[in-house]
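Student: got a sequence here, can you build the structure:
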Amino acid sequence: MVQSIGGIAKYSATDLDQFAQKLNQDGICVIPGVFEQKLIDEWAQAFEKLFYERQNQPGGLAPREVSRYYLTLPWIYPFANELVFANPVIMGVLERVFYQEYVMVQMGVDVPFQGSDYQETHRDFRPLFSDRIVTPLYALAVNFPLVEVTADNGPFQMARGTHVIPREEGLEKVASGEIPMESFYMQPGDVMVRSPLALHRGSPNRTNQPRPMVVMGYAMHWLHTPKVDLTLPQDYYQSLPEKLKQMLRCQLVESLPKNKVETYVNFKY
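Tutor: Numbers count the residues shown, from 1 in each chain. As a prediction, the model looks like this:
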């Protein structure tokens with residue numbers, strides 16, 4: 001039974017069980033109304049300013065094919081917010097899927113502009129072993145949009161269930177139409193949790209407004225994730241509860257660098 005308190009959806013243990021079940025089965029679940037509109041508005045305004053700053057810095061944006069970019073978010077207000085990266089609803093789903101200690105390894109934004117096209121269908125991670133060996137979920141992407149996601153502004157597309165079948169078999173089933181490539185439309189405040197092993201792609205943004213989608217990455221504590229990184233100011237990190245400190249796999253600095261060069265350039269498997 002979903003209750004809404006102050007405009008934010010509150011989920012029961014049974015609801016969280018169902019989201020986790022969907023995630024294991026389909027490789028994706030969408031959780032409506034996790035964040036308030038006010039929080040999304042704050043992030044959207046701060047992101048717009050950040051994007052145009054990074055656009056004018058060499059290496060400030062990572063290309064994601066035509067008219068599509070990725071950038072890492074700095075751990076400053078409003079992005080450094082434990083009600084987001086350690087949100088109880090999100091953590092409730094992750095804890096039901098990971099079963100052991102996990103760490104947060106990534107916080108960035110994917111943003112297609114007008115002129116973007118369909119991405120090549122891909123995975124974000126390699127399988128742990130051969131893709132003929134199905135393993136439990138060991139890494140998850142948590143996404144939430146800063147604007148409404150419609151059919152026109154580049155919805156994320158994914159083929160459900162392809163996280164548990166070999167890549168070539170999945171591509172064949174998508175090409176034949178046996179498994180549809182499904183678009184996911186979202187309202188501001190909705191959260192998507194997905195397996196990076198499921199076959200997916202970005203679709204064209206045909207509007208004149210960007211479509212920023214936040215991506216937070218979480219993984220089992222033993223997984224090596226060299227392409228993504230978190231850099232936190234020492235003061236902010238020390239202010240966090242011990243449990244959250246242990247959850248963040250990060251580099252600590254006295255102060256954040258002025259110019260960030262994006263290193264997460266190769267992203268497809």
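
Student: which stretches of the chain form helices?
Tutor: 13-26, 37-55, 82-85, 88-98, 167-176, 234-238, 242-247 (DSSP state H).

Student: can I get these in TSV including mean neighbour count?
Tutor: All C-beta atoms are positioned from the backbone trio N, CA, C, and that covers glycine. Shown next, in TSV, are the helices of the chain (neighbours: other C-beta atoms under 10 Å):
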stretch	mean neighbour count
helix 13-26	16
helix 37-55	15
helix 82-85	16
helix 88-98	19
helix 167-176	15
helix 234-238	13
helix 242-247	12
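
Student: so for V109, which of those helices sits nearest?
Tutor: Among those, helix 37-55 comes nearest to V109, with 6.3 Å by C-beta to C-beta.

Student: what is the rounded mean pLDDT of that closest one?
Tutor: Mean pLDDT, helix 37-55: 96.

Student: just stretch 85-96 next, same as before
Tutor: 97.

Student: also stretch 146-161?
Tutor: Across stretch 146-161, pLDDT averages out at 98.

Student: so how far is it off the chain centroid?
Tutor: 13 Å (C-alpha atoms, centre = their mean, to the nearest Å).

Student: could I get that stretch in PDB with only the CA atoms?
Tutor: Extracted C-alpha coordinates of stretch 146-161, given in PDB (Å, rounded to 0.1, in the frame of the first residue of the first chain):
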ATOM      1  CA  LEU A 146      15.500  16.700 -13.700                       C
ATOM      2  CA  VAL A 147      12.600  17.300 -16.200                       C
ATOM      3  CA  GLU A 148       9.600  15.200 -17.300                       C
ATOM      4  CA  VAL A 149      10.800  12.400 -19.700                       C
ATOM      5  CA  THR A 150       8.400  12.200 -22.700                       C
ATOM      6  CA  ALA A 151       8.400  10.400 -26.100                       C
ATOM      7  CA  ASP A 152       9.900  13.500 -27.700                       C
ATOM      8  CA  ASN A 153      12.900  14.400 -25.400                       C
ATOM      9  CA  GLY A 154      15.000  11.300 -25.500                       C
ATOM     10  CA  PRO A 155      13.600   8.600 -23.200                       C
ATOM     11  CA  PHE A 156      15.900   5.900 -21.900                       C
ATOM     12  CA  GLN A 157      15.100   2.600 -23.700                       C
ATOM     13  CA  MET A 158      15.800  -0.900 -22.400                       C
ATOM     14  CA  ALA A 159      15.000  -4.500 -23.300                       C
ATOM     15  CA  ARG A 160      13.600  -6.200 -20.200                       C
ATOM     16  CA  GLY A 161      15.300  -9.400 -19.100                       C
END
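
Student: what comes up buried for that stretch?
Tutor: Judged by neighbour count using 16 or more other C-beta atoms under 10 Å, the buried positions of stretch 146-161 are 146-147, 149, 153-161.

Student: which residues does V103 bridge with?
Tutor: Here V103 sits in beta bridges with A219, going by DSSP bridges.

Student: residue ranges with poor pLDDT in this structure?
Tutor: For the chain, the stretches with pLDDT under 70 are 1-8.

Student: centroid-nearest residue for it?
Tutor: V215 (2.6 Å; C-alpha atoms, centre = their mean).

Student: which residues touch that residue?
Tutor: With C-beta atoms under 8 Å, 6 or more residues apart in numbering as the criterion, the residues that contact V215 are 106-110, 141-143.

Student: run through the bridge partners of it.
Tutor: Note on V215: beta-bridge partners G108, N143, judged by DSSP bridges.

Student: out of the helices of the chain, flag the one nearest Y269.
Tutor: Nearest of these (C-beta to C-beta): helix 167-176, 7.8 Å.

Student: show me what that closest one is in contact with.
Tutor: By C-beta under 8 Å, 6+ apart, the residues outside helix 167-176 that reach it are 121, 123, 131, 159, 162, 165, 179-181, 199, 269.

Student: among those residues, name the buried ones.
Tutor: For those, a burial check counting by 16+ other C-beta under 10 Å picks out 121, 123, 131, 159, 162, 165, 179, 181, 199.

Student: quick one: which of these is nearest L23?
Tutor: Out of the buried ones among the contacts of helix 167-176, the member with the shortest distance to L23 (by C-beta to C-beta) is T162, at 13.7 Å.

Student: residues touching the closest one, list them.
Tutor: Contacts for T162 (C-beta under 8 Å, 6+ apart) come out as 27, 170, 173-174, 179, 197-199.
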